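K.L.:
need the 3D shape of this:
(one chain, ligands or ions: 1)
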Amino acid sequence: MRASLIQIAVDPDEPVNSRRQRVASLVREQRERHGADLVVLPELWPTGAFAYESFVDEAEPLEGPTYEAMAEAAAAAGVWLHAGSIVERDPEGPLYNTSLVLSPAGELVRAYRKIHRFGFDQGEAVMMGAGEELVTVTAAGLTFGLGTCYDLRFPELFRGLVDAGAQAFVVPAGWPARRREHWTLLARARAVENQAYVLACGTAGTHAGVEQAGHSVVVDPWGEVLAEAGLAEEVLVVDLDPAKVTTTRDRFPALKDRRLR
Ligand SMILES: NC(=O)CCC(=O)C(=O)O
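P.N.:
Reported below is the predicted structural model:
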């Protein structure tokens with residue numbers, strides 16, 4: 001199966017709706033241009049992950065304007081779409097940082113509320129609720145476990161996803177440039193320790209004064225980097241093979257030597 005990761009530039013001068021339309025047309029062309037079965041977008045790309053002051057105004061229901069634009073694009077292209085995350089307004093609860101996974105028919109098949117909120121005593125950590133559910137989804141022949149940005153620092157989440165059947169992880173992010181080394185290192189660590197693909201899709205540009213790391217990366221189950229973006233907006237195209245997960249786990253069966261559960 002082939003995946004396209006779209007590292008979107010989040011420019012505060014581009015209105016959110018224009019960005020939605022621009023991203024929708026990028027999604028639409030991924031099948032025809034690159035033969036993609038799956039398209040992946042970053043964390044909170046409509047607003048920017050650090051644009052805390054816009055979270056309340058831009059919050060939307062699960063099937064709000066971002067979903068609508070992405071559903072139309074996924075269906076037009078006939079691709080699975082991990083649409084990155086949105087600021088979700090739950091009518092009965094707080095805001096959440098929620099990732100959406102859409103089928104090639106444009107249906108919302110899974111939503112994942114980010115479990116580990118970033119910011120310590122400010123921003124997302126105080127403005128949003130914490131998700132509580134591990135989420136996996138089987139798409140185009142692979143079972144993906146979902147995480148979001150800061151989640152990458154919490155290996156127990158990814159091990160839990162492996163226990164739930166994950167062969168690959170999708171990690172949308174809005175990771176800052178000043179901790180770029182951590183991003184690449186953690187993406188490779190999660191791949192190696194879980195013998196799983198990692199599809200880590202970040203943003204480009206600078207918003208809310210925070211320069212983004214870019215450098216979206218795809219790592220295979222042996223820890224090899226298959227593709228890595230630069231700093232600017234860019235599309236990464238990679239082929240993923242479920243058999244590679246099986247052979248890696250069979251030939252070097254470290255996951256079978258676990259003693260603490
Ligand atoms: N949006 C985020 O979760 C940022 C995470 C981050 O900056 C870090 O883990 O470092």
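K.L.:
which stretches of the stretch 1-150 of the chain have low pLDDT?
P.N.:
For the stretch 1-150 of the chain, not a single residue meets the criterion pLDDT under 70.
K.L.:
and it, which residues reach the ligand?
P.N.:
Within the stretch 1-150 of the chain, the positions lying close to the ligand (Cβ under 6 Å from any ligand atom) are Glu43, Ala49, Phe118, Cys149, Tyr150. C-beta here means a position set from N, CA and C on the backbone, and glycine is covered the same way.
K.L.:
which stretches of the protein form strands?
P.N.:
Here the chain has its strands, by DSSP state E, at 2-7, 38-40, 80-89, 95-102, 108-113, 136-139, 142-146, 168-172, 197-201, 206-207, 210-211, 217-219, 225-228, 234-239.
K.L.:
contacts only, for Thr136.
P.N.:
For Thr136, the contact set (Cβ atoms under 8 Å, 6 or more residues apart in numbering) comprises Thr143, Phe144, Gly145, Leu146, Leu161, Ala164, Gly165, Ala166.
K.L.:
just among the residues of the stretch 1-150 of the chain next to the ligand, which is most surrounded?
P.N.:
With neighbours taken as other Cβ atoms under 10 Å, the top of those is Ala49, carrying 32 neighbours.
K.L.:
where's the spatially closest residue to that residue that is not a sequence neighbour relative to Tyr67, distance?
P.N.:
Using Cβ to Cβ, 6 or more residues apart in numbering and skipping the chain neighbours, the partner closest in space to Ala49 is Gly174 (2.6 Å). Distance from Gly174 to Tyr67, counting by Cβ to Cβ, to the nearest Å: 19 Å.
K.L.:
equivalent analysis for Ala200, please.
P.N.:
For Ala200, the distance to Tyr67 - Cβ to Cβ - is 23 Å.
K.L.:
do the same with Ser4
P.N.:
Plainly put, Ser4 is 19 Å away from Tyr67 if you go by Cβ to Cβ.
K.L.:
so for these two, which sits in the more crowded spot?
P.N.:
Taking neighbours as other Cβ under 10 Å, Ser4 and Tyr67 compare with Ser4 leading, 26 against 20.
K.L.:
give the contact list for Ala76.
P.N.:
Applying Cβ under 8 Å, 6+ apart to Ala76 gives the contacts Arg28.
K.L.:
pull out the buried positions in the helix ranked longest in the chain.
P.N.:
Longest among the helix segments of the chain by residue count, using DSSP state H, is helix 180-194. Within helix 180-194, the residues that qualify as buried by neighbour count (16 or more other Cβ atoms under 10 Å) are Arg180, Trp183, Thr184, Leu186, Ala187, Arg188, Ala189, Arg190, Ala191, Val192, Asn194.
K.L.:
tally up the residues packed near the closest residue to the last one other than its chain neighbours, please.
P.N.:
In other words, Asn194. Leaving aside its sequence neighbours, Asn194 sits nearest to Val162 (Cβ to Cβ, 6+ apart; 4.9 Å). Residues within reach of Val162, counting by other Cβ under 10 Å, total 21.
K.L.:
any idea of the pLDDT on Val162?
P.N.:
The model reports Val162 with a pLDDT of 98.
K.L.:
just Leu260 next, same as before
P.N.:
87.
K.L.:
distance of it relative to Arg159?
P.N.:
Taking Cβ to Cβ as the measure, Leu260 and Arg159 are separated by 10 Å.
K.L.:
the two: which is more packed in?
P.N.:
Ranked by neighbour count (other Cβ under 10 Å), Leu260 and Arg159 place Arg159 first, with 18 against 3.
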